[in-house]
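**Q** structure here, sequence nowhere to be found:
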């Protein structure tokens, strides 16, 4: 060896030396990946340990069979640096840097040297990744490997080619480097070459270097400040599993997420996130498609446009399998082509078949595993529901448990109890989400090249808890919506309340236990703000029925009359699929678009309600319908009151009941409650309005302190209520 910058004979390390290319001395020499020089002390390369030729650096060894002034290379080496035997070439002595040159991770493609013979073999070759890595390090440790370099080696009686796809060097800028030195700590990620007939088992190690351009994910560099939480969620769901070797994902028993929907008002950053995802990924550029451009007036042309988007991904997955690059397809304005099937009545059915074609590519029999579809829309409500539900038909935690990835604290029985009305697809989505939380803990966004500790990869109960909060069943109880209706809880204001609540609970139990009343309908009527919706929501939460849905006018603002009737009918159809369901028809007069001037209302929606409220559920299904209305006379005039089995009056609170509510809220000093009640001019006050008055009076009052009477009376005067 020579000192840094020059050789022992005084020649500069970067000096060029002309040599003649010749063959390696023998087949055994050829498998060392070394270059061979003359053993004569007068040879110009006699003092070199490494020489650089083209993009490759070769370790050189002396051999008596090589003539002075020659460099012996095997056929694979000559092909790699594009020279022929007998060529006169210039090489340079190479000295590895003192530090920062050790290869931390090498990704390489493996193929048999005799491709045709391998392809014709009856059984594919199966290679054990840890054993192969140990063999290569024992054979090639101390040698320098460069990106796109090809090495030849013999392993268990078969000659192979190893093509270096990527090198990560510890300490290098961004982790990437053109070359690095193999060391005992170097990790390998192996890929099977296209058509090689090789299966790699036991793959372990760090991140796949080709997936991201940098070894870190830096939100400032990506320019998406303020959207960190959204991008982290996208990374966890869509990319965390792709960072791991395919064998880990296979042993977890999960599939990669195939699509992400970005929805929100215009200008909130959907397109920005999609663009930046494309910038951070290595390899091919994402395909960007504007939804309306897909549609074509000719029969079958729209579906053909969808198929064309996936042609390259299909070809590469067929050729490379798990080694295929990720193909990203970005759909802007996806609502233009993926409207809910059956909603477009132009007679052509084009929108329906386009949705079917897209679903086939994402989740069909021949679904691809190397695609990520990113859809963007500000009209999520227009999309077909099949696009919004998780992946389909998969066994779930079996592989996790078999391969020791399932945490000991996971109670599958308790999980099953909390997954009421989850379809098989939604359970798969739940498990996939839980796995994404566990995988994300093992990924260091600041250094994606860090080795992954598979032994400590466990999907625990905490991960499933997070997943349950993230994955909601299409036919489950809308817990968040119900809870929003009872923010202040239910306040026991006296005997009328207790009697009303007990009656309603009896109705729930009747539906739950009686074999003779599969359908029970109740109308809660009373003044506005009396707590009718809160009572219905409380019954839904306490019932523990698998499906509880609320039909409210605020969710259908802007709907046409047929669309609103269809939406209400769909809720009832969903309810018929569950063994026990509750449907709450909130503020029925608003659903009917009733106004007293005229009077005017929607007869189409009225007829739909009259039919649906009376319709018996299928055999084996039980349904409780709870309607709320502040206009009982209108309900009677329209015939809706008679459609319900039971009508219950929800009263406003009065006198002693108001005092009970104020005491329950700790709003006043006990001695001042009577004076506070006396300040109200109305004999009856809807409880919702009373709670609002208390909240207004508490403004400016220290937390936990009673409201001063002066403040209370001031609020009542300001609102002209005393």
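**A** Yes, it's here. Owing to the predicted nature of the structure, the values given are computational and were not obtained by experimental measurement.

**Q** contacting residues for the residue positioned nearest the centre of the chain?
**A** Nearest to the mean C-alpha position of the chain, counting by C-alpha atoms, centre = their mean, stands residue 237 at 2.9 Å. Shown in contact with residue 237 (C-beta atoms under 8 Å, 6 or more residues apart in numbering): 257, 260, 433, 436. C-betas here are computed from N, CA, C, even on glycine.

**Q** could you identify the most distant pair in those residues?
**A** Across the contacts of residue 237, no pair lies farther apart than 260 and 433, at 13.0 Å, counting by C-beta to C-beta.

**Q** now do the buried residues in the strand or helix carrying residue 439.
**A** Secondary structure assignment for residue 439, by DSSP states H and E: helix 424-442. Neighbour counts over helix 424-442 (16 or more other C-beta atoms under 10 Å) mark 425-440, 442 as buried.

**Q** quick one, the helix or strand just after it and helix 424-442 angle?
**A** Beyond helix 424-442 in the direction of the C-terminus, DSSP H and E gives the next helix or strand as helix 461-470. Compare the direction of helix 461-470 with that of helix 424-442 by axes from the mean of the first three to the mean of the last three C-alpha atoms, to 10 degrees and you get 130 degrees.

**Q** centre of the chain to helix 461-470, how far?
**A** 13 Å (C-alpha atoms, centre = their mean, to the nearest Å).

**Q** for that helix, packing partners?
**A** With contacts defined as 3 or more C-beta pairs under 8 Å, 6 or more residues apart in numbering; DSSP states H and E, helix 461-470 has these neighbours: helix 424-442.

**Q** so how far is residue 56 from residue 16?
**A** 16 Å (C-beta to C-beta, to the nearest Å).

**Q** so residue 716 makes contact with residue 678?
**A** No. The pair residue 716 and residue 678 does not pass the contact test of C-beta atoms under 8 Å, sitting 10.8 Å apart.

**Q** the more surrounded of the two?
**A** Using other C-beta atoms under 10 Å, the more surrounded residue of residue 716 and residue 678 is residue 716, with 18 against 12.

**Q** quick check: closest non-adjacent residue to residue 101.
**A** Leaving aside its chain neighbours, residue 101 sits nearest to residue 181 (5.3 Å; criterion: C-beta to C-beta, 6 or more residues apart in numbering).

**Q** now that neighbour: how far from residue 353?
**A** 57 Å.

**Q** out of the two, which sits in the busier spot?
**A** Counted by other C-beta under 10 Å, residue 181 and residue 353 do not tie: residue 181 has more neighbours, with 21 against 16.

**Q** what's near enough to touch that one?
**A** Here residue 181 is in contact with 96, 101, 102, 103, 142, 143, 144, 145 (C-beta under 8 Å, 6+ apart).

**Q** at 6 Å what do you get?
**A** The contact partners of residue 181, by C-beta atoms under 6 Å, 6 or more residues apart in numbering, come to 96, 101, 102, 144.

**Q** tally of neighbours for the last one?
**A** Same thing as residue 144. So residue 144, with other C-beta under 10 Å, has 22 neighbours.

**Q** what bridges to it?
**A** The partner list for residue 144 in beta bridges (DSSP bridges) reads residue 181.

**Q** that one contacts residue 58, correct?
**A** No. The criterion here is C-beta atoms under 6 Å, and residue 144 misses it with residue 58 at 7.9 Å.

**Q** now the one helix or strand residue 538 maps to, how far from the centre of its chain.
**A** Counting by DSSP H and E, the element that carries residue 538 is helix 532-543. Distance of helix 532-543 from the chain centroid (C-alpha atoms, centre = their mean) equals 32 Å.

**Q** and that helix, what's buried?
**A** So helix 532-543, judged by 16+ other C-beta under 10 Å, has buried residues 532, 533, 534, 535, 536, 537, 538, 539, 540, 541, 543.

**Q** closest one of the residues you listed to residue 692?
**A** residue 534 (13.4 Å).

**Q** how far away is that closest one from residue 669?
**A** 28 Å.

**Q** what do you get for residue 609?
**A** 49 Å.

**Q** can you name the next helix or strand after the lowest-mean-pLDDT helix or strand in the chain?
**A** In the chain, no helix or strand scores lower on mean pLDDT, DSSP states H and E than helix 115-120, which sits at a mean of 45. Where DSSP H and E defines the elements, the next helix or strand beyond helix 115-120 is strand 125-128.

**Q** what is that next one packed up against?
**A** Contact here means 3 or more C-beta pairs under 6 Å, 6 or more residues apart in numbering; DSSP states H and E; on that basis strand 125-128 packs against strand 198-201.

**Q** pull the distance from the strand it packs on to the chain's centre.
**A** 28 Å.

**Q** which strands border it, and is each parallel or antiparallel?
**A** Counting by DSSP bridges, the strands paired with strand 198-201 are strand 125-128 (parallel).

**Q** now do the following helix or strand past the partner strand, average pLDDT.
**A** Downstream of strand 125-128, the next assigned helix or strand under DSSP H and E is helix 129-140. Average pLDDT, helix 129-140: 89.

**Q** with stretch 637-655 instead?
**A** Mean predicted lDDT for stretch 637-655 stands at 91.

**Q** starting at the chain centroid, how far to that stretch?
**A** For stretch 637-655, the distance to the chain centre is 45 Å (C-alpha atoms, centre = their mean).

**Q** one step back: for the helix holding residue 439, name the packing helices and strands.
**A** helix 240-243, helix 461-470.

**Q** list the buried residues of the last one.
**A** Judged by neighbour count (16+ other C-beta under 10 Å), helix 461-470 contains these buried residues: 461, 463, 464, 466, 467, 468, 470.

**Q** same check, this time on stretch 503-510
**A** For stretch 503-510, by 16+ other C-beta under 10 Å, it's 504, 507, 508, 510.
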